[in-house]
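Asker: Build me a structure from this.
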Amino acid sequence: MKDSNKTKAQLIKEPTDLRKQIPKMIESKVGIEEQSEERFRLLFDNVFDAIVPVDEDGNIVDVNRAACKMLGYSKEELLKLNADDIHPPEALELMRTAVRRLFQNRIDYAGEIPLLRKDGQIVFAEAGAVAITIDGKNYCLGSFRDITERKKAEEALKISEDKFKTLNNNLNVGVFRNTIGTKGRFIEVNPAFLKMFGYAKKEDLFDMNVSNLYENPKKRKKFNKKMLQEGSVTNEENTFKRKDGTTFIGSVSAVAVKGKEGEVSHYDGIVEDITERKESERALKKAFIEIRELKNRLHTENIYLREEIRRDHNFENIIGESDALKYVLFKIKQVATTDTSVLILGETGSGKELAARAIHNASRLKGRPLVKVNCATLPSNLIESELFGHEKGAFTGAQKKMVGRFELANGATIFLDEIGELPLDLQNKLLRVLEEGAFERLGSSRTIKVEVRVIAATNRDVKEEIRRGRFRKDLYYRLNVFPISMPPLRQRKEDIPLLVNAFVHKLNKRMGKNVERIPKRAMKTLQNYSWPGNVRELENVIERAIINSQDSMLRLVDKLEPPLTDSFDGVERKTLMELERDYMVKILEETYWRIEGKNGAAAILGLNPSTLRARIRKLEINRPQALSRK
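Answerer: Residues are numbered from 1 along each chain as shown. The predicted structure follows:
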């Protein structure tokens, strides 16, 4: 009951756990949430049906204008009420049972229910309710459409033939009378029915089989069967066809009328076009989902706040003592103090982002945030706006100006993860930023100048992407000033025990476990596995093992099968020339690109220095420009 006076919008805007931890939200990220909230509020307040969300205690947490009008209260008055207060006593049990089932079994509710207005009058509503979960809290989202007029019409139809004829010509809902059977014919329809189905005169319908108005004629057979068995139908939804071939969703209520002998002679009923209402319900639910997804995104992918990043990910601690990793750390140390662009290559899960953060945290820009952009997760129609920003009205939905990531990273570092996924049409704009430090927001002709240190990463073979025309060669050379290759975990098996112990310690703390012993057999299994998912996969395996361990001994859950042969390394087969090139680059990097001399690459490879230089040119091996000459 503590939140009974808070509106839904207030609940949405309350600080979440993430916002309690973060002292200040970055302007553009907040802008995204405000836009979503503003779109939701506009839709919520202008939808045709009354919308009344309540929490699990039955407290009304928000209402729209239609709800205030239907119930005769002001918004402030309704927010002080419980759901019980807007239902007459005879309907309370029905309402409570429906809400209980909704929260317990997630069974949506649809049906008719009476509502109690402020002035004491009863209004009948066609009600629908769904369960919505936001920030771990459950809400019942109820929608109500006033059908009092329709209820009166149904009662009038049963009472008197004369009243039927009067209502027939004046109701806004379609009224019909037709004969029984799957080949039933229309006997009477009102003007609203003709308008709804797009016919000019009644005679056009009288010679027509009723089934012809159904998009699926089989639904007419089910309707007829139900009418004969039960004598009536209420709010049955079907898709109907108009004369011009277009369709709409209609809600039908009908009763079977019996003759003097007790046999069913015909059906009387009404039909209402509920297409708009259905679309509004779908749009409203989509808006709720959009808000929930946006909040999740703020929790899990806050890219601008370096203190949160450090606390959650511990990027300064790259674990390992293998030669392969030491070489990577050496290259990070070399390039960190410069402003040189860096391209980090490596398989998924090998630690490319760790390397990017290590470079940033060792640079002169470490006091500024590292702005991350994952080019693989952003939709192609939004990525340009995310990178370079947009002006208000630049495109549909751009209701406010938004600052892009490059502008936000001015004077700092931007990390372009999965750069190989960037669409070709944006690669040219990115190239201009790298070359000139300039760009324009979407919808603006004003050039914005920035100074940004760029670190990019990809798990793709960029040269193969260039060959296939999916990546610009000039952009590759701009990014590849100083390349760093992250070794896969299978090439640094001596680091696995260190990583396992670190993960066990971290997960013990997080889960309240006390796993201290790691069996030799388990460690051997871990070291013999090829790890296609690299360090990320290893951490997941250890987390599952910690969960499964009931005492102080680590118990592996996953079946980690070793390679079928000693030569299997989990990577694609390469041509002889590719293997030669890779090995030659490896030796050159190990000798710091020294060709001649006792410890030079030529001596190690058993080649004449001039022969090695010729092979380097043939294989298009380029020495990194920023690498110090030895």
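Asker: Verify the stated contact: Leu79 with Cys68.
Answerer: No. Counting by C-beta atoms under 8 Å, Leu79 does not reach Cys68; the two are 10.5 Å apart. The C-beta positions use only the backbone N, C-alpha and C, and glycine is treated the same way.
Asker: Now for Val189: which residues touch it?
Answerer: Gly174, Val175, Phe176, Arg177, Lys202, Leu205 (C-beta atoms under 8 Å, 6 or more residues apart in numbering).
Asker: Specify the beta-bridge partners of it.
Answerer: Phe176 (DSSP bridges).
Asker: And the strands in the stretch 151-300 of the chain?
Answerer: All strands of the stretch 151-300 of the chain, identified by DSSP state E, counting those that start in this stretch, fall at 174-179, 186-189, 232-241, 247-258, 264-273.
Asker: where do the helices sit along the stretch 451-600 of the chain?
Answerer: Assigned by DSSP state H, counting those that start in this stretch, the stretch 451-600 of the chain shows helices spanning 462-467, 473-479, 496-511, 520-528, 534-548, 576-590.
Asker: again, but for the stretch 51-200 of the chain
Answerer: Under DSSP H, counting those that start in this stretch, the stretch 51-200 of the chain gives helices at 65-71, 75-78, 92-105, 148-159, 161-168, 191-197.
Asker: Check which residues of the last one are buried.
Answerer: So that's helix 191-197. Going by neighbour count (16 or more other C-beta atoms under 10 Å), the buried part of helix 191-197 is Ala192, Phe193, Leu194, Met196, Phe197.
Asker: what's it in contact with?
Answerer: Contacts of helix 191-197 (C-beta under 8 Å, 6+ apart): 169, 171-176, 200-202, 205, 213, 240-243, 248, 250, 271, 273.
Asker: May I see the helices of the stretch 451-600 of the chain organised as JSON lines, with mean pLDDT and distance to Lys285 added?
Answerer: As requested, the helices of the stretch 451-600 of the chain are exported to JSON lines (pLDDT from 0 to 100; distance: least, C-beta to C-beta, whole Å):
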{"stretch": "helix 462-467", "mean pLDDT": "88", "distance to Lys285": "40"}
{"stretch": "helix 473-479", "mean pLDDT": "91", "distance to Lys285": "42"}
{"stretch": "helix 496-511", "mean pLDDT": "91", "distance to Lys285": "35"}
{"stretch": "helix 520-528", "mean pLDDT": "90", "distance to Lys285": "45"}
{"stretch": "helix 534-548", "mean pLDDT": "91", "distance to Lys285": "33"}
{"stretch": "helix 576-590", "mean pLDDT": "83", "distance to Lys285": "52"}
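Asker: now the chain, which segments are flagged as low pLDDT?
Answerer: 1-37, 40, 156-171, 182, 293-317, 380-381, 562-574, 624-630 (pLDDT under 70).
Asker: My guess is Glu386 contacts Val373. True?
Answerer: Yes. Here Glu386 reaches Val373: they are 6.7 Å apart, a contact under C-beta under 8 Å.
Asker: Once you drop chain neighbours, what's closest to Gly181?
Answerer: Asn224 (6.5 Å; C-beta to C-beta, 6 or more residues apart in numbering).
Asker: ends of stretch 468-484, how far apart?
Answerer: 23 Å (C-alpha to C-alpha, to the nearest Å).
Asker: and of the strands of the stretch 151-300 of the chain, who's closest to Asn105?
Answerer: strand 232-241 (21.5 Å; C-beta to C-beta).
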